[in-house]
Structure formats: structure tokens, C-alpha cells
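Participant: how does the following fold in three dimensions:
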Amino acid sequence: IPPSCGIYYFEVKIISKGRDGYMGIGLAHKTVSMNRLPGWEKDSYGYHGDDGNSFCSSGNGRKYGPTFTTGDVIGCCVNMISSTVFYTKNGINLGTAFDNVPLGLYPTVGLQSPGEIADANFGDRPFVFDIEGYMVECRTKLSREIDGHTLSSRVARIWIRSSRRWYSGTWYTTGTAEPPRTSPRQPTSSSGRISPRYRTARRYRSW
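Facilitator: Alright, predicted model coming up:
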């Protein structure tokens, strides 16, 4: 995810929860192991469907939102101005899940039990959540902070780099990054986790 995009958002529709519904949606550094769901490993963050918990570099989760299953659309938004992450379910903002989130992460989808299928949307079709409305809110807030000279030096640097691109086209969702890729017939690991280093496919299946 390029830092200059300011806001990055993607959605994942659960086509099938499979046998157990052990699914995780989130973010991970490129060095993170692909054998476990996002959030369990160091430098990874995840929201899990079976219990609704959020996980940050630990196997011990924290109660966050509702569970999700077949037919649900889960969104993940990274705000690099505030260094926070929030999720959405079927277009509803669930609130901040993580703060102090570092740069340099990749969108990650984890599937762990047989029969799970997820379809990712990185901006090639309309989102369920009103991301443009959220960006208008952020722009208004930033404008007020700039007028009041309350921005930190880090935020100011990011704002200067991204001010012309943050609100144009699909920069908020794609930037220069590309989505994960995997063959639907060849999962990347025994757990079905999708590698954040792979870059083109939209639909993922666990076996």
C-alpha cells in the first residue's frame, strides 16, 4: 500500500464460509508467514469471521465487531493520516480496530477451512461502503486542522505528498499497489491464506 495514497480501502465478499468459517481479513507485512490467519503473526492485523474478534500480532483477540458469514461484505480501510484501520460490514462502519498502524503493509485475505470462497474488490466495481463520503469527512477535518495549524510534521509531509491525488479517481483504493494474486486451484498454503505478495486475482478459495 503506497503511503502517498493517504487512504486505502478494499472490500471482500464472502461467497461461502465453507466448513467452519475460519476467515480473516486485514493487513500484513510482506515477511509474515502465510500459514496462519492475518493478525496472529507479528506485523499482521486481522478481523476474523468466526468470532468477530480483531487480532494484532497475537493469537489473543479482542472483541471488535459482529461475526461474518456467507453473503456478507467486509471492508478494510487504512487511514495513513491518522495511522488507524477500521472495518465495515455490509456498508456499516464498525469503528476503529487498530491504531498506530505502520506503513508498508499489504491487503491480506486468510482462509483456513475447506470450502471457503472470498471475492475481493479493489475498486474495479462500486463499493458497498460510501468511501467517497468518508473521504469528504476526512478532507473537511484536515482542512480545519490545517487552518488551525495543528497538524504534526509527519501528517503534514504525507498531506503535502498526497493532496493532489488522495481524492482523485481510484487512488484511495489502488494507488501504485496491486491486489493479491493466487490461482483458484492452487492455494498458497495448507491454510488457504492468500499471499499479500501476489497480485492479480479477485476470487480466492480454500480446499
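Participant: surely residue 27 is in contact with residue 84?
Facilitator: No. Taking contacts as CB atoms under 8 Å, residue 27 lies outside contact range of residue 84: 11.8 Å. The C-beta positions use only the backbone N, C-alpha and C, and glycine is treated the same way.
Participant: looking at these two, which is more packed in?
Facilitator: Shown here are residue 27 and residue 84; by other CB atoms under 10 Å, residue 27 has more neighbours (25 against 16).
Participant: and the closest residue to the more buried one other than its chain neighbours, how many neighbours?
Facilitator: Counting by CB to CB, 6 or more residues apart in numbering, residue 27 lies nearest to residue 105, which is 4.1 Å off, once chain neighbours are set aside. Using other CB under 10 Å, the number of residues around residue 105 comes to 24.
Participant: residue 82 now?
Facilitator: 17.
Participant: equivalent analysis for residue 141, please.
Facilitator: Neighbourhood size, residue 141 [other CB under 10 Å]: 12.
Participant: wait, is it part of a strand?
Facilitator: No. Judged by DSSP: H, G, I helix; E, B strand; the rest coil, residue 141 forms no part of a strand; its state is helix.
Participant: from residue 37, how far out is it?
Facilitator: Residue 141 is 33 Å from residue 37, where distance means CB to CB, to the nearest Å.
Participant: doesn't residue 29 make contact with the residue nearest to residue 27?
Facilitator: Yes. Counting by CB under 8 Å, residue 105 touches residue 29, with 6.0 Å between them.
Participant: any common contacting residues for those two?
Facilitator: residue 43 (CB atoms under 8 Å, 6 or more residues apart in numbering).
Participant: report the contact partners of the closest residue to residue 59 other than its chain neighbours.
Facilitator: The shortest distance from residue 59 to any non-neighbouring residue, by CB to CB, 6+ apart, is to residue 40 (5.1 Å). Counting by CB under 8 Å, 6+ apart, residue 40 touches 46, 55, 58-59.
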